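>>> after the sequence you'll find the predicted model.
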Amino acid sequence: MDLVFEIIGELISGLVELVLESERVPKAVRIGIVCVLDGLLIALAVFMICAASSIAGKIICALIGLLFIWGGFKFLSKILKH
């Protein structure tokens, strides 16, 4: 199971790197891909908040969600600078 998670992580990492580094991909497509990926990660964090049974678990999941939001803004600002 860890191998599957590692493969999925590497694929997402490669896709993000390709999107951010490639000038062939139009800016609108790059922004769309980042928004979709970040939206999925934020939705996962919200699901984890709902599934957590303890207050500490909910706080940790909320912090992870905020980290995903910050990362999305960071990626978008990097795309818009180019």
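On my side now, so go ahead.
>>> what's the average pLDDT for whatever helix or strand residue 36 lives in?
Using DSSP states H and E, residue 36 maps to helix 27-51. In this model, helix 27-51 carries a mean pLDDT of 85.
>>> which residues sit against that helix?
Around helix 27-51, the neighbours that count as contacts under CB atoms under 8 Å, 6 or more residues apart in numbering are 12, 15-16, 19-20, 22, 58, 61-62, 64-65, 68-69, 71-72, 75-76, 79-80, 82. To be clear about C-beta, it is placed using only N, CA and C from the backbone, and glycine gets the same treatment.
>>> of those residues, buried ones?
16, 19, 61, 64, 65, 68, 71, 72, 75, 79 (16 or more other CB atoms under 10 Å).
>>> what about the first one, helix or strand, and which?
When secondary structure is defined by DSSP H and E, residue 16 falls within helix 2-21.
>>> between that helix and helix 27-51, how many degrees?
Inter-element angle recorded for helix 2-21 and helix 27-51: 140 degrees (by axes from the mean of the first three to the mean of the last three CA atoms, to 10 degrees).
>>> what does helix 2-21 contact?
The contact list for helix 2-21 (CB under 8 Å, 6+ apart) reads 25, 29, 30, 33, 34, 37, 75, 78, 79.
>>> let's have these in a markdown table, adding distance to residue 49.
Below are the contacts of helix 2-21 laid out as a markdown table (distance: CB to CB, whole Å):
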| residue | distance to residue 49 |
| --- | --- |
| 25 | 33 |
| 29 | 31 |
| 30 | 29 |
| 33 | 25 |
| 34 | 22 |
| 37 | 19 |
| 75 | 22 |
| 78 | 27 |
| 79 | 28 |
